[in-house]
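>>> All I have is the shape, not the residue letters:
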């Protein structure tokens, strides 16, 4: 049985052609809109990262000494923690040369032990370093005892120098311009990462010290938050890296206690991405709000 060819309805043919053209146009428009959205998202993702002339930042020399980052995992209700902190401070003060190259940071990772200074980001780092109890000390991302030999660490040949400048944008934001470069003959892994940490320099709060409970204990260099992610961001040595860093002092998602940015500094930490070894550390106080911005916000 053979089928006869049915005559095409001119109106149907016309609608078929128009429908096909409409589908093509819609597909093209949809693709164009998708591409535009992708471009917009890409621009937004990279809006805070630009490359600027490398002469903008003055790199601070290490004076032949390595930079050391010491993390003291502590707690307000940890009775054994203050002696460890005092011991670290004493050891650092006894290190005659290069003592300005040692950065001692208090990490409060557990809410139960630090209801005022608890930091969610500090808890993430405690998990990374497998901190099971307090006190605990991590030096240059390694557990090498509560009282490491700082002279030995300082005298290791530095591999990298780094530095950054800060510009206060508004009440809750700063702009960091960072740069690091490897020294001649240094063996650096091909991938590095940069992290920015917000540190409050002095905080008055409670602290259990042995059998004593001190209500007005002075806590030094308290870690409050990471400003560009728990693992930082990829960075290429020799390039200048710009990033707008934002923190909400009243509800930063890390602490129950408000942050006073005028009493803060920011650490710029450069890591070997593979070994997680600290390559360099630099610091900068958070600048005051420019007068013009303050007037506008009144």
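Alright, I've got the coordinates. If you're wondering where the values come from, they're calculated on a predicted model, not measured in any experiment.

>>> All the strands of the protein, in order from the start?
For the chain, strands defined by DSSP state E occupy the ranges 68-73, 102-107, 136-139, 160-170, 173-182, 192-209, 212-226, 233-235, 240-246, 264-272, 278-285.

>>> Any chance of a markdown table for these, columns mean pLDDT, mean neighbour count and distance to residue 258?
In this view, the C-beta of every residue, glycine as well, is placed from N, C-alpha and C. As requested, the strands of the chain are exported to a markdown table (pLDDT from 0 to 100; neighbours: other CB atoms under 10 Å; distance: least, CB to CB, whole Å):
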| stretch | mean pLDDT | mean neighbour count | distance to residue 258 |
| --- | --- | --- | --- |
| strand 68-73 | 96 | 23 | 23 |
| strand 102-107 | 96 | 22 | 18 |
| strand 136-139 | 96 | 22 | 27 |
| strand 160-170 | 92 | 18 | 17 |
| strand 173-182 | 93 | 20 | 16 |
| strand 192-209 | 95 | 19 | 10 |
| strand 212-226 | 95 | 17 | 10 |
| strand 233-235 | 96 | 15 | 27 |
| strand 240-246 | 94 | 18 | 16 |
| strand 264-272 | 95 | 21 | 12 |
| strand 278-285 | 93 | 21 | 19 |
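
>>> so which of these comes closest to residue 79?
Across these, residue 79 has its closest neighbour in strand 192-209 (4.7 Å, CB to CB).

>>> Just want the angle from the closest one to strand 102-107.
Relative orientation of strand 192-209 versus strand 102-107 (axes from the mean of the first three to the mean of the last three CA atoms, to 10 degrees): 60 degrees.

>>> Parallel or antiparallel, which strands does strand 192-209 pair with?
Its sheet considered, strand 192-209 pairs with strand 212-226 (antiparallel), strand 233-235 (antiparallel), strand 264-272 (antiparallel) by DSSP bridges.

>>> Throw those into a markdown table and include distance to residue 97, thanks.
Listed next are the strands paired with strand 192-209 as a markdown table, based on distance: least, CB to CB, whole Å:
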| stretch | distance to residue 97 |
| --- | --- |
| strand 212-226 | 21 |
| strand 233-235 | 29 |
| strand 264-272 | 22 |
